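A.B. asks: Any chance you could fold what I've pasted below:
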Amino acid sequence: MAAQHGTMGNIARRPAVFAGLVLATGVITGLVLYSRAGFFGLTHQHVVAQSPSSYGISLAEPPFTEMARPGVVALAGDLRFIDGSPDTGQYILQALTTFPGFAVTVGAFFLLWRLLWRARDGVYLPQVAAQVRVLGWWLLAGGLLAPQIERFAMMTLLDTMTVNESSFGIKEIPMIVPLVGLGLLVLASVLRTGVRMRDDLDGTV
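C.D. replies: Below you'll find the predicted structure:
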């Protein structure tokens, strides 16, 4: 029985889809690379480490007090430390505070592109189920590990600039990416079941 082209397969055949994926990947890559940390923090002559603690530092200078209404106190909660003469190790740590998330994002778009390409002849194919499973594991593992690697790098960088300020605890994980990964793993299981059922039906015809 010839494989019929599904909706995903028809979409994957359109060049605009791939152009859109490439454009989206480029935009996201640009946003990550040129975020507040710059090109992984390597475009500046200094490195910046942020304290994990929250502070209530009163801002009594006129530029801040003039912005506040009567009876309102201006406070600063975030504390950052800037080293104007960083060494190579500090630059590497600065890059690691953003690179893992960048790698997960670019890898996810690449795997999505491969998934759409594999699905051009239909979705109930072994290679499509395998590609969905790979994407699911990538998002699950990346969504869990990337924030922890970035936090560890930030705390290690902070430890080179301060005394007893860093905290190497587990960072709170945004659950949306791991949940999407879990959903894709479930979908991969459903697709594998669909592939087996189709093969059984083909064998009985």
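
A.B. asks: Leaving out sequence neighbours, find the closest residue to the residue most central in space within the chain.
C.D. replies: When the chain is reduced to its mean C-alpha position, the nearest residue by C-alpha atoms, centre = their mean turns out to be Gly101, at 3.8 Å. Among residues not flanking Gly101 along the chain, Ala146 sits closest, at 5.0 Å (C-beta to C-beta, 6 or more residues apart in numbering). Using the backbone N, CA and C atoms, a C-beta is placed for each residue, glycine as well.

A.B. asks: so which helix or strand takes in that neighbour?
C.D. replies: Taking DSSP states H and E as the criterion, Ala146 maps to helix 126-159.

A.B. asks: got the angle between the helix or strand that that helix is followed by and helix 126-159?
C.D. replies: Toward the C-terminus, helix 126-159 is succeeded by helix 176-204 as the next helix or strand (DSSP H and E). Between helix 176-204 and helix 126-159, the angle comes out at 160 degrees (axes from the mean of the first three to the mean of the last three C-alpha atoms, to 10 degrees).

A.B. asks: Report the mean per-residue pLDDT for helix 176-204.
C.D. replies: For helix 176-204, mean pLDDT rounds to 82.

A.B. asks: And for stretch 94-109?
C.D. replies: When pLDDT is averaged along stretch 94-109, the result is 88.

A.B. asks: Assign a three-state SS to Pro70, would you?
C.D. replies: What DSSP: H, G, I helix; E, B strand; the rest coil gives for Pro70 is coil.

A.B. asks: Oops, could you answer that again for Ala49 instead?
C.D. replies: strand.

A.B. asks: Kindly state the beta-bridge partners for it.
C.D. replies: Note on Ala49: beta-bridge partners Phe81, judged by DSSP bridges.

A.B. asks: What distance do you get for it to Gln90?
C.D. replies: The gap separating Ala49 from Gln90 is 9 Å, by C-beta to C-beta, to the nearest Å.

A.B. asks: Need the overlap of contacts for those two.
C.D. replies: Common neighbours of Ala49 and Gln90 (criterion: C-beta atoms under 8 Å, 6 or more residues apart in numbering): Asp83, Leu157, Thr160.
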